[in-house]
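> Next input, structure requested:
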Amino acid sequence: MCIGERRLESEKDNFERGSEDKFTLDAPDLGQLIKITIGHNNKGGSAGWFLSKVIIEDIGNKRKYDFPLDRWLALDEDDGKIQRDILVGGAITTAISYIVTVITGDVRGAGTKSKIFLVMYGARGNKNSGKIFLEGGVFDRNRTDIFNIELAVLLSPLSRVSIGHGNVGVNRGWYCEKVVILCPFTGIQQTFPCKNWLDEKEGDGLIERQLYEVVSLRKKRLKKLAWSLWVWTNDLKKAACNVPVFIQLYGQKGRTDQIRLNPGPQGFKPGKIDKFRLEIPDLGRFYKIRVWHDSKIPGSGWHLVKMTLLNSLTKDKYNFNCNRWLDVNEDDYETVRELTAEGPTVRRIMGMAQYRVTLCTGDIEGAETNARAFICLFGDAGDTGERTLSSIICRNNTDICQKGSADEYTIEAVTLRKVKRVRVGHDGKGGGSGWYLERVLVREEGQPESDNVEFPCNRWLDRDQDDGQLIRELLPSGSNATLKNFRYHISIKTGDVGGASTDSKVYIKLYGEKRDTIKQILQVSDNNLSDHFERSRVDEFTLETMDIGEINQLIIGHDSTGMRAGWFLGSVQIRVPRRGKKYTFPVNRWLDKNAADGRTEVELYPSEVEEIEKLIHYEVEIVTGDMGNASTSARVYMQIYGEEGKTEVLFLKSRSKVFQRGNKDTFQLEAADVGEIFKIRVGHTGEGFGSGWFVDTVELRRLVLQDMEITPEEEARKKKEKDKLRQLLRKERLKAKEQRKKKQKSSDVESSSEEESSEESEEETEIEDDEEELEGMQEVVDVYRFQANRWLATDEEDNELVMELAPSGRSGPEPNTYEVQVITGKMPKGGTDANVYLNIYGEEYGDTGERALRKSDKSNKFEQGQTDTFIIHAIDLGPLKKIRIRHDNSGNASGWFLDRVDITDHNNETTYYFPCQRWLAVDEDDGQLSRELIPVDESYILKDEKNEEEEGEEGGGGGGTEDTGLANLALDMKDKSTMYSVTVKTGDKKRAGTDANVFITLFGTDDDTESREEVVKQEGQT
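Okay, the predicted model is just below:
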């Protein structure tokens, strides 16, 4: 899969601005290269580096790979990273694609040999593409030519295009039928008819024409319908509202975004009817509307009578009755109302519900918060929207969100049917904004406490704790939200133009084929940059929520606040590892009230969707022992092995202080699906004072699909819920039917039997959809438990910093002990003072991971002609197939001549022999510090030892001839490797060069190795 980390030896003239450096790398044959990891150690006076691209040529297999990047690897540039993964051909494009189709007419002499050019003009005509020559076109009679054009500017939708030619050549005249232009990421396709000659000898003699769109032919992905909305304000005194009011509509096919109603500078006046024109996507029949304002200022309350919605084309009509205050000083002190849809178009009138919500703050130090908290409930029938949790609406406490408290609220909404998910968070404001939330309890008002549905959290909502997130989405007990939720990794690049940075609050909303997310303010970045959205930087965020399906659109914008509100957005990229997809959204435009078109929000469509490695979620829980000095401050890592492979080495990161005495720490990981797990490896890097660590237990959880059999009790519960839902739906339908009858008393129109049959069919479909969740294959949590009860410390037990564990109570390989004898050759100066590392590979159960050979039976390790013995504890590997051994080139005498390595498997009492007889030294042999060795039959070794004895008797000494058997074996091993030529191109930007040490790792489809450091010889170097 990969070669270990190799150092590209940095001479004084390496990696200079605009330079091209070449290196050679002898390594195992990795098959087809997939990606590389390249970075530096940030050492030296000028460490920051702008890497243009890396070119790798597999000389043995005659393959060449390009790895373009054109980004900084610097702590103070871009996203602050000094290491990057690059896929083959994997640079992120920030260009906007336009697919231009040019149709030449079907008339005599229509074709041309002249050069055709095109100019595209933006919506206001202020910006244009400049003259683009359509190279490679044929432009023959009745022919269609298609071109893919990339620009660094957003012009779509276009106001016009200009097309012409250079008027040179024999057949210079041209008859153009039309031009069609599609911008993939806006989803807009525009048609510009021409039907005219561009010929100085025909018609008006013009050779360049301005073409305008036939708007009726425009194609767009999202259809919107025209609606009229009437709003009745009560004529009571102080019923007026002069603050911004928002609405959100819910239909069978989804919901709208929040819509701001702007009645004018005087607001909603008492007794007045205000009318608004709305454009709304086709959401099917509406069933509710939410209306709210955010003002807590005294006197800003509003008494709303009702709202009426009318489709301008179909005349479908919906009534939403309210007759209540939206005022912090009136009624129930709420400023948000949900109204159920009524009227002739409605087939079911849904009832209102009140939900008793209890938020339990944890009873640990610092658990309380003074930030503004909010909650949103999700059910079978939509959601409640975000509801602010203030002390004025709390039923039992005046000081809310305090340590150990349980705060109760009532949330009124159109019925959600069954509450299935809770979204809870806070705005992060205030000195003590961090919050430790234990759980949320939800039940309908009037129901007993035993009906409470528990949504456990037991996590921090704190930018300085855990994963730094301020919002959590919770599932009912037993569902494990962290495993079932999807993670959307969002990378936002600010453009490289003057004044591109912004101080505003940036938000994003994703739209998928299944559903959309709530608009999310991007507050806490994963890469911990001090200031977000700075010029030419990349900010990374993670949004954890339910699966929204394939992403087809997003909205991004800002609130236009702060000293520098305007923002030049370069691009947005979203990675969804669980789906194995990466979406790219080029932007390259201003979001600024005072620039370009004045917009501060933009709707984007993906210009490119790439396949990436598909990962799954793992949850790891580690308990540190409750004994003296059990804690560690070192970096802890884990690697997971299963029947379908292994993960990469995964470092367990947290913003909290973890691995403390007696603590239980939980981590969320994204890694390859390895199938049924048979072992894990846990270790730490050993740095820091008192790095020794006592590990008690490890628990690993992942989701698996299982065919669920429904128990009789579950069957009875399901039937009861089904009957309850059918009764509720029938009640809603009858209520709507009665209302229609009242409206129809003055007419002869009656509901048809077809309509009633259709309504009943809809009910059954809704019930069946609910049933499907309980039948067939379902995701369940698979739990693996590992007992450790041991030290990982250089001064405790076996002095090891790494251990391997097999899961308790499951079949699989058993623990094993491997005795390793490392035999240093008798060559002069053949010993080494460097640190030596070994990885042992088995045919059945993976490898041991790279182990440092620290504790030898000799006081001075790896001396000339010496045999050093080491003990490695690991889970059984099965028959051994190879080893990889290396050193780190440290010490005064680092060069090493390795004769061979012998490994004895204690479980099977078998010894494997791995001959080497080569140097691991930068100034000897091929300059490599690492060797991969395969086992040979014992007869090779006995023959070699016999030859040495004979040479000794004959006085041959160390200068005797090499053994033919081992020489042939060495050639055979050489055949299994290949030579890679690595070309590194440093960019031609100011301060682009680096004097840091640069490292590279290659990943391929065939081989499988661990990280190691190598000095790679530069071409032409001796």
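
> hey, let's count contacts and neighbours off CA atoms from now on
Fine.

> Which residue ranges make up each domain of this protein?
Segmentation of the chain into domains, based on the TED database, reads 96-220, 224-342, 355-479, 484-611, 615-707+781-789, 814-942.

> can I get the ones you listed in a markdown table with mean neighbour count, mean pLDDT and distance to Val998?
Converted to a markdown table, these look like this (neighbours: other Cα atoms under 10 Å; pLDDT from 0 to 100; distance: least, Cα to Cα, whole Å):
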| stretch | mean neighbour count | mean pLDDT | distance to Val998 |
| --- | --- | --- | --- |
| domain 96-220 | 18 | 86 | 32 |
| domain 224-342 | 18 | 90 | 48 |
| domain 355-479 | 19 | 92 | 30 |
| domain 484-611 | 19 | 89 | 21 |
| domain 615-707+781-789 | 18 | 93 | 21 |
| domain 814-942 | 19 | 92 | 15 |
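
> Looking at those domains, which is nearest to Leu69?
Leu69 sits nearest to domain 484-611 of all the domains of the chain, at 13.8 Å, using Cα to Cα.

> tally of neighbours for Ile86?
21 (other Cα atoms under 10 Å).

> List the contacts of it.
Lys35, Ile36, Thr37, Ile38, Phe67, Pro68, Leu69 (Cα atoms under 8 Å, 6 or more residues apart in numbering).

> Can you get me a residue count around Lys719?
As a burial measure, Lys719 scores 13 neighbours (other Cα under 10 Å).

> quick one, phi psi at it?
Dihedral pair for Lys719: phi -60, psi -40, per degrees, to the nearest 10.

> likewise Phe268?
phi -90, psi 110.

> which residues does it contact?
Thr233, Ala240, Cys241, Asn242, Asp274 are the contacts of Phe268 under Cα under 8 Å, 6+ apart.

> List just the nearest of those to Asp531.
Asn242 (35.1 Å).

> Pull up the gap between the closest one and Gly264, please.
9 Å (Cα to Cα, to the nearest Å).

> now Lys861
84 Å.

> so Lys731 sits in a helix?
Yes. Counting by DSSP: H, G, I helix; E, B strand; the rest coil, Lys731 is part of a helix.

> Let me know the pLDDT of it.
On pLDDT, Lys731 comes in at 74.

> now do Arg1012
On the pLDDT scale, Arg1012 gets 34.

> Over to the one 5 residues further on?
With respect to pLDDT, Lys1017 scores 33.

> For Pro193, which three-state class applies?
strand.

> from the contacts of Ile86, which single one is nearest Thr711?
Closest to Thr711, out of all of the contacts of Ile86 and judged by Cα to Cα, is Lys35, at 48.4 Å.

> How many residues are close by the closest one?
Neighbour count for Lys35, taken as other Cα under 10 Å: 22.

> how distant is the helix or strand containing it from the center of its chain?
Using DSSP states H and E, Lys35 maps to strand 33-40. Centre-to-centre, strand 33-40 and its host chain are 19 Å apart (Cα atoms, centre = their mean, to the nearest Å).

> Next: stretch 675-689.
Taking mean C-alpha positions (Cα atoms, centre = their mean), stretch 675-689 and its chain are 24 Å apart.

> what do you get for stretch 396-416?
With Cα atoms, centre = their mean, you get 33 Å for stretch 396-416.

> Likewise for stretch 809-829?
For stretch 809-829, the distance to the chain centre is 39 Å (Cα atoms, centre = their mean).

> Which residues does it contact?
678, 805-806, 830-831, 845, 862-877, 895-907, 917, 958.

> got it, and stretch 466-480?
420-428, 453-457, 459-463, 481, 485, 524, 544-545, 654-656, 780-781.

> Can you flag which of those residues belong to strands?
The strands, defined by DSSP state E, take in 420-426, 453-457, 459-461, 544-545, 780-781 from the contacts of stretch 466-480.

> sorry, back to before: any chance of the contacts of Ile86 in TSV, with pLDDT and distance to Arg535 too?
TSV is the format used below for the contacts of Ile86 (pLDDT from 0 to 100; distance: Cα to Cα, whole Å):
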residue	pLDDT	distance to Arg535
Lys35	81	28
Ile36	86	27
Thr37	85	25
Ile38	90	24
Phe67	88	25
Pro68	87	22
Leu69	87	18
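
> which one of the residues you listed sits closest to Gln668?
Nearest member of these to Gln668, counting by Cα to Cα, is Thr37, at 22.9 Å.

> what's across from the closest one in the sheet?
Assessed by DSSP bridges, Thr37 has beta-bridge partners Asp85, Thr1001.

> give the contact list for it.
Counting by Cα under 8 Å, 6+ apart, Thr37 touches Gln83, Arg84, Asp85, Ile86, Ile1000, Thr1001, Leu1002.

> Number of residues surrounding the fifth one?
Here the count is done by other Cα under 10 Å, and Ile1000 has 22 residues near it.

> ok, now the second one?
Summarising burial for Arg84: neighbours were counted as other Cα under 10 Å, giving 16.

> Is it correct that it is in contact with Lys35?
No. Under the criterion of Cα atoms under 8 Å, Arg84 is not in contact with Lys35, lying 10.3 Å apart.

> Just give me the closest of the contacts of Ile86 to Thr398.
Thr37 (54.1 Å).

> What ranges does the stretch 301-450 of the chain have for its strands?
Assigned by DSSP state E, counting those that start in this stretch, the stretch 301-450 of the chain shows strands spanning 302-311, 317-326, 336-340, 352-361, 373-379, 382-383, 387-389, 406-414, 419-426, 435-444.

> And the strands in the stretch 701-850 of the chain?
Under DSSP E, counting those that start in this stretch, the stretch 701-850 of the chain gives strands at 777-792, 802-805, 815-824, 836-842.

> got JSON lines for the ones you listed, with distance to Val215 too?
Formatted as JSON lines, the strands of the stretch 701-850 of the chain follow (distance: least, Cα to Cα, whole Å):
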{"stretch": "strand 777-792", "distance to Val215": "48"}
{"stretch": "strand 802-805", "distance to Val215": "67"}
{"stretch": "strand 815-824", "distance to Val215": "72"}
{"stretch": "strand 836-842", "distance to Val215": "66"}
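
> Nearest to Trp292, out of these?
Short answer: strand 777-792, nearest of those by Cα to Cα, at 37.7 Å.

> Just the C-alphas of that closest one, formatted as PDB.
The C-alpha trace of strand 777-792 is given here as PDB (Å, rounded to 0.1, in the frame of the first residue of the first chain):
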ATOM      1  CA  MET A 777     -31.200  -5.200   7.400                       C
ATOM      2  CA  GLN A 778     -30.500  -2.600  10.100                       C
ATOM      3  CA  GLU A 779     -27.400  -0.800  11.400                       C
ATOM      4  CA  VAL A 780     -26.400  -2.000  14.900                       C
ATOM      5  CA  VAL A 781     -23.500  -1.200  17.100                       C
ATOM      6  CA  ASP A 782     -20.800  -3.900  17.200                       C
ATOM      7  CA  VAL A 783     -18.700  -3.600  20.400                       C
ATOM      8  CA  TYR A 784     -15.200  -5.000  20.900                       C
ATOM      9  CA  ARG A 785     -13.700  -5.000  24.300                       C
ATOM     10  CA  PHE A 786     -10.000  -5.300  25.000                       C
ATOM     11  CA  GLN A 787      -8.400  -5.900  28.400                       C
ATOM     12  CA  ALA A 788      -5.000  -4.300  28.800                       C
ATOM     13  CA  ASN A 789      -4.100  -3.800  32.500                       C
ATOM     14  CA  ARG A 790      -0.500  -2.900  31.700                       C
ATOM     15  CA  TRP A 791       2.100  -0.200  31.500                       C
ATOM     16  CA  LEU A 792       3.400   1.400  28.300                       C
END
